[in-house]
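Chemist: Sharing a model prediction with you, sequence too.
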Amino acid sequence: MTTIDNNLQQVMGRIAQACAAAGRDPAGVALLAVSKTFGSDAVAEAVAAGQRAFGENYIQEGVEKVVALRQLSPASLQWHCIGPIQSNKTRLVAEHFDWAHTVDRLKIAERLSAQRPEHLAPLQVCIQVNVDGGDTKAGVPPQEALALVQAVAKLPRLAVRGLMSIPDHAPDFETQKELHLRAQHLFLQIQASGVPGLAGFDTLSMGMTADLEAAIHAGSTLVRVGTGIFGGRVYPAA
């Protein structure tokens, strides 16, 4: 058994335990393996271990892996863009990814919609919400989320699937859970709003290696785990 295979099993065990503690069905929580800074070989190991959904923060790096892995598993892999999307990178996202988790401006959504190729399924989109109000953080303010969801839902070639959040680090379970509950409350409000085009609004993308248990207790349907699967990252010197 490879290290990545073993790590994946441990993470799945953590998810199952968290679901049991929260009274949830583990089938209701998907695992996104965050492979940023790791090469195609590491992704291939995860694929061999049964993982199919991968998240990339750096768009160009992600596209290179999408292309490299296409020959290995041409139809079964799912690629999620979970990093910031600048205007000059929207075409790469629209043409190569299946999901985009970090839409927080209508301009970006409009470009993704216009650039999504007709032969591909609609791009699955989550609206990123800044639940704890950090001035330097990405994400739409909670009070503006419904209006953005409503606008994005009208665009062709996109499917609005839910919300994504990355709250600031919190040192303990209860604080982590409280932050995640803010996103869940907003998610439920939008689900109940009756906005047209939200039939598939079913995804709450929150929780990472350090706080996935708290996120699951707060209703996450998709956790984004990198270090827990691939190990610590070494970033190039600036």
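Modeler: Cool, got the structure.

Chemist: List the residues that contact the closest residue to residue 203 other than its chain neighbours.
Modeler: Of all residues not flanking residue 203 in the chain, residue 162 sits nearest, at 3.3 Å (C-beta to C-beta, 6 or more residues apart in numbering). Every C-beta, even on glycine, is put in place using the N, C-alpha and C of the backbone. Each residue near residue 162 by C-beta atoms under 8 Å, 6 or more residues apart in numbering is listed here: 126-127, 187, 201-205, 221.

Chemist: Just those: which are in strands?
Modeler: 126-127, 203-205 (DSSP state E).

Chemist: Report the buried residues of stretch 116-123.
Modeler: 116, 122-123 (16 or more other C-beta atoms under 10 Å).

Chemist: Kindly reformat those as TSV containing pLDDT, secondary structure and distance to residue 54.
Modeler: Shown next, in TSV, are the buried residues of stretch 116-123 (pLDDT from 0 to 100; DSSP: H, G, I helix; E, B strand; the rest coil; distance: C-beta to C-beta, whole Å):
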residue	pLDDT	secondary structure	distance to residue 54
116	98	coil	20
122	98	coil	19
123	98	strand	16
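
Chemist: Go through those residues and say which is closest to residue 131.
Modeler: Nearest to residue 131 among those is residue 123, at 23.5 Å by C-beta to C-beta.

Chemist: rewinding a little: switch the ones in strands among the contacts of residue 162 over to TSV; also include neighbour count.
Modeler: Below are these laid out as TSV (neighbours: other C-beta atoms under 10 Å):
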residue	neighbour count
126	26
127	31
203	21
204	27
205	29
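
Chemist: if we take the residues you listed, which one ends up nearest to residue 225?
Modeler: Closest to residue 225 out of the ones in strands among the contacts of residue 162 is residue 205 (11.9 Å), distances taken as C-beta to C-beta.

Chemist: For the closest one, give its distance to residue 233.
Modeler: When distance is defined by C-beta to C-beta, to the nearest Å, residue 205 is 20 Å away from residue 233.

Chemist: likewise residue 61?
Modeler: 12 Å.

Chemist: And residue 120, by the same measure?
Modeler: With C-beta to C-beta as the criterion, residue 120 and residue 233 are 30 Å apart.
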